[in-house]
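Need a 3D model of the following:
(chains A and B)
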Amino acid sequence: MSILEVRNLKKYFATQKAVDDISFNLEKGSIFGLLGPNGAGKTTLIRMITGIFYPDDGEISFDGKKFDPVNDVVNIGYMPEERGLYKKMKIGDQAVYLAQLKGLSQQEAMEKVKQWFVKFEMQSWWNKKIEDLSKGMGQKLQFVTTVLHEPKMIILDEPFSGLDPVNSNLIKDEIFNLAQKGASIIFSTHRMEQVEEICDHIILVNKGKKILDGSVSGVKQQFKENLFSIGLNHANTVSSPDIFEIIGKDNHNLIIKIRDGYKSNDVLQYFIQKNIEISSFNEKLPSLNDIFIKLVEGTSLSRQFQNINT
Amino acid sequence: MNKIWIILKREYKTRVAKRSFLLMTILIPLLIFGFYAGIIAVAISGGNEIQNIAVIDKGSLFNGKIENKDNMNFTFITDEPVSSFLQKYHQQGYTSLLYISPSYTEDTIYSETQLGPVTKGRIEKVINNAIENKRMVDAHIDPTKLESIKSDITITAQVGKGNEFKKGSSDASSAVGYASGILIYITMFIYGMMVMRGVMEEKINRIAEVIVSSVKPFQLMVGKIIGIGAVGLTQFIIWVVLMFILQFFIPVFFPSMAHSMASAQAPGQQPGGLAAFLEGFKYMNFGLIVFAFIFYFLGGFLLYASLFAAVGSAVSEDQQEAQQLTLPITMPIVLAFVIMTRAAAEPESGLAVFGSLFPLTSPIVMMARIPYGIGTTVPWWQLGLSMLLLVLGFLFTAWLAGKIYRTGILMYGKKASWKEMWKWAFRS
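Numbering: from 1, shown residues only, chains lettered A, B, ... in the order given. Just a heads-up that it's a prediction; the model follows:
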């Protein structure tokens, strides 16, 4: 069952097709990676599914019904990339205020804020102001205010920027936790290693169009290049046969690309016949980083402005 | 609606709880009170020092007697010539020496320090009175008879038509009109700018997008504007109450002033000068003036605050950009102020009527006309039309600003030009 279904979404600005016909599904309880280079249209896309922008064309359905921004925002938590809080307002009051804007009563908001502050060991911050906090502390608070009202869908844009590894892990664990409890999470970032670690499903957006959609492992399979890494005693002595091509080697390791028409067993057989001892044999799958660069490279880095007649 | 209320409450609370709010609210009435107290004190205490004046009357002008008054003690010196007495008048305790020449028209006063203009004026008056008296006697005119012939009247103004006439004072009306006009002008600037800074704060600190994911941009803007308007109203009410209380202290600090006011208004006596001015206040409809003031303050504030909010949303980072963009908004306010200064003096001129109907200037200009009397100087239809146009005006600017605000608040990095803001407002 999908919590969010996006069909043929379009948003054209005066000089750009910011989002040009994008469709995807977000499953309940899944963690979804929304990837793309700068200016690909991610923020515009997110702003449409949070009800900040109206799409020019296309449909959004939320929790099985047509998306109704006024009532559905209660079930959405959004942490934008460009985020901040009132500098001069007390932290506790601020969290309560934001929770109230999400529709919680003063009392509920108070209780929830206190619970989360205990959880993140932030109780002593209540009467401090944002300007007294470090950037990382601010991010933590921002995360709390995003998920406080227990939304069904949480959208996090670069949630780890400015966080140290300890706090990163704290937030990461919490993201898993929330997903386990049934929240669906859209996670937008440029840090591919985090995506590989966290996300079940990804889409890649470039120039307003979706150019990749699939599970993390599926995408890796799709882009694999039949590369293997083989651990050998005397890697130096091996020369390139018909079965495979040597891409790289050092004393004990060989990276090979198997030629079309052959399988990994053929490679093993080759070494066994030559009586060369194999200590390890692994498939080398491409990293998301490689895939990202491969797909986005070659297209001009910054989007050109164009004239659009709507 | 509920969300606007939550936003409004936050805007209101954070501002009212600030120390600067408390300071402004208490200090300004005290400053104004102190200022007026100072003026009054100077006005009634001028020439307080006792002047011992030696008089050498060569022209026999005074016949040996001058009434000692206004802190001046006159002593006649008959047994010494000027030249020798000049050497020692100071040692004998006189502050100055007055020499009346034999023809008594070319007189001199000698003193070690410069004589104050008030004292000098008083002495001149004494001499002039004596000369006039002497000449009258020489011309066989009875001074008491002349006094009864002299005339000094003031016109009593009655305003109205048919059988209904009320006393009025154009001086008092003009003063009240001018004061209310200035007050609206200042408050509109202060609170309009406050709205703009609030919007800029949200944009620069990147709070806008966080909040806009929970509430509509228009709700955020309206909540902010009303919240700040309420702050302004609160401050204003506190000022009025404080001033009302403080004015009771004026007689306590300056008993002589209260006395002079009371005597001036004694029955049967024709009020003149200050008393007539004060008398004018009695005949003004203060209930209506206060109501109109609050209406025009709120109307004008809502109208301009929307525009200020739109500008705040279009600015990216710095104050200078904001200044450039606010120019087209501050210009009509300044224009309104200029028209107001004319309207306070000539409430029925075409410019004043136009200014009090046009919504961009009416909050300031109309307030200058209202104290002259509604139903008389300002016809009821003008007041009604002016209020209606103002309401329509702020609905329009709020709608317009809402559109600009919605786009502007989420644009980062560059300042929007007026042309772009125009596009945001009228496209889509």
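
State which helix of the chain is the longest.
You didn't pick a chain, so chain A it is. In chain A, assigned by DSSP state H, the helix with the most residues is helix A:165-180.

that's the other chain; I wanted chain B
When chain B is parsed with DSSP H, its longest helix is helix B:170-204.

So the next helix or strand after it, near chain A or not?
Using DSSP states H and E, the helix or strand that follows helix B:170-204 in sequence is helix B:208-212. Yes. Judged by C-beta under 8 Å from any C-beta of the partner chain, helix B:208-212 comes into contact with chain A through B:Glu209, B:Val210, B:Ile211, B:Val212. From N, CA and C alone the C-beta is placed, and that goes for glycine too.

The closest residue to the second one other than its chain neighbours: what's it in contact with?
Ranked by C-beta to C-beta, 6 or more residues apart in numbering or on different chains and with sequence neighbours excluded, the top spatial neighbour of B:Val210 is A:Arg83, at 5.6 Å. Counting by C-beta atoms under 8 Å, 6 or more residues apart in numbering or on different chains, A:Arg83 makes contact with A:Gln142, A:Asp157, B:Arg206, B:Ile207, B:Glu209, B:Val210.

hmm, 7 Å instead?
A:Gln142, B:Arg206, B:Glu209, B:Val210 (C-beta atoms under 7 Å, 6 or more residues apart in numbering or on different chains).

so what's the backbone phi/psi at it?
phi -130, psi 160 (degrees, to the nearest 10).

in stretch B:350-364, what counts as buried?
Residues B:Ala352, B:Val353, B:Gly355, B:Ser356, B:Leu357, B:Phe358, B:Pro359, B:Leu360, B:Thr361, B:Ser362, B:Pro363, B:Ile364 are the ones in stretch B:350-364 that count as buried (16 or more other C-beta atoms under 10 Å in any protein chain shown).

Run through the neighbouring helices and strands of the helix or strand hosting A:Thr146.
Here A:Thr146, judged by DSSP H and E, is contained in helix A:135-147. For helix A:135-147, the packing partners by 3 or more C-beta pairs under 7 Å, 6 or more residues apart in numbering or on different chains; DSSP states H and E come out as strand A:76-79, helix A:91-101, helix A:165-180.

Residues touching stretch B:351-360, excluding its own?
B:303, B:332, B:336, B:339, B:342-343, B:346, B:361-362, B:365-366, B:369, B:382, B:385-386, B:389-390, B:393.

what about the residue nearest to B:Tyr110 when sequence neighbours are not counted, which SS state?
Using C-beta to C-beta, 6+ apart and skipping the chain neighbours, the partner closest in space to B:Tyr110 is B:Leu97 (4.4 Å). Secondary structure state of B:Leu97, per DSSP: H, G, I helix; E, B strand; the rest coil, is strand.

what stretches of the stretch 101-250 of chain B score poorly on pLDDT?
Applying pLDDT under 70 to the stretch 101-250 of chain B flags the ranges B:159-169, B:250.

how close does whichever residue of chain B sits closest to chain A get to B:His140?
When scored by C-beta to the nearest C-beta, chain B has B:Arg206 as its residue closest to chain A, at 3.5 Å. Counting by C-beta to C-beta, to the nearest Å, the gap from B:Arg206 to B:His140 is 94 Å.

more crowded one of these two?
Comparing B:Arg206 with B:His140 by neighbour count (other C-beta atoms under 10 Å in any protein chain shown), the higher total belongs to B:Arg206, at 15 against 6.

I'd say the more buried one and A:Leu85 touch.
No. Contact criterion C-beta atoms under 7 Å: B:Arg206 and A:Leu85 do not qualify, at 8.6 Å.

sorry, back to before: so which of the residues of helix B:208-212 next to chain A is the most crowded?
Most crowded among the residues of helix B:208-212 next to chain A, counting by other C-beta under 10 Å, is B:Glu209 at 25 neighbours.

which residues touch that residue?
A:Pro80, A:Glu82, A:Arg83, B:Leu410 are the contacts of B:Glu209 under C-beta under 7 Å, 6+ apart.

Let me see the ranges of the strands in the stretch 1-150 of chain A.
For the stretch 1-150 of chain A, the strands defined by DSSP state E, counting those that start in this stretch cover A:2-12, A:17-27, A:31-35, A:57-62, A:65-66, A:76-79.

List just the one of those strands that sits closest to chain B.
Closest among the strands of the stretch 1-150 of chain A, using C-beta to the nearest C-beta: strand A:76-79, at 4.1 Å.

residues making contact with that closest one?
Residues contacting strand A:76-79 (C-beta under 7 Å, 6+ apart): A:50, A:142-143, A:146-147, A:149, A:151, A:153-157, A:159, B:213.

Please verify my assumption that B:Gly299 contacts B:Leu390.
Yes. Applying C-beta under 7 Å as the test, B:Gly299 and B:Leu390 come out as touching, 4.2 Å apart.

who touches both of these two?
B:Pro363.

buried ones in stretch B:23-40?
By neighbour count with 16+ other C-beta under 10 Å, stretch B:23-40 contains the buried residues B:Thr25, B:Pro29, B:Phe33, B:Ala37.

okay, the strands of the stretch 1-150 of chain A in JSON lines with mean neighbour count and mean pLDDT next?
Output for these, formatted as JSON lines (neighbours: other C-beta atoms under 10 Å in any protein chain shown; pLDDT from 0 to 100):
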{"stretch": "strand A:2-12", "mean neighbour count": "19", "mean pLDDT": "89"}
{"stretch": "strand A:17-27", "mean neighbour count": "20", "mean pLDDT": "89"}
{"stretch": "strand A:31-35", "mean neighbour count": "25", "mean pLDDT": "91"}
{"stretch": "strand A:57-62", "mean neighbour count": "17", "mean pLDDT": "91"}
{"stretch": "strand A:65-66", "mean neighbour count": "9", "mean pLDDT": "90"}
{"stretch": "strand A:76-79", "mean neighbour count": "24", "mean pLDDT": "92"}
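
Tell me who's in contact with the residue of the stretch 1-150 of chain A at minimum distance from chain B.
Minimum separation of the stretch 1-150 of chain A from chain B (C-beta to the nearest C-beta) falls at A:Gly84, amounting to 3.5 Å. By C-beta under 7 Å, 6+ apart, the contact set of A:Gly84 is B:Asn205, B:Arg206, B:Ile207.

tell me the contacts of the residue nearest to it when sequence neighbours are not counted?
Distances taken as C-beta to C-beta, 6+ apart place B:Arg206 nearest to A:Gly84, at 3.5 Å, with adjacent residues excluded. Applying C-beta under 7 Å, 6+ apart, one finds that B:Arg206 lies in contact with A:Glu82, A:Arg83, A:Gly84.

Would you quantify the distance from the residue in the stretch 151-300 of chain A that chain B sits nearest to to B:Pro347?
Proximity of the stretch 151-300 of chain A to chain B (C-beta to the nearest C-beta) peaks at A:Ile155, 8.5 Å away. Computed as C-beta to C-beta, the A:Ile155 to B:Pro347 distance reads 60 Å.
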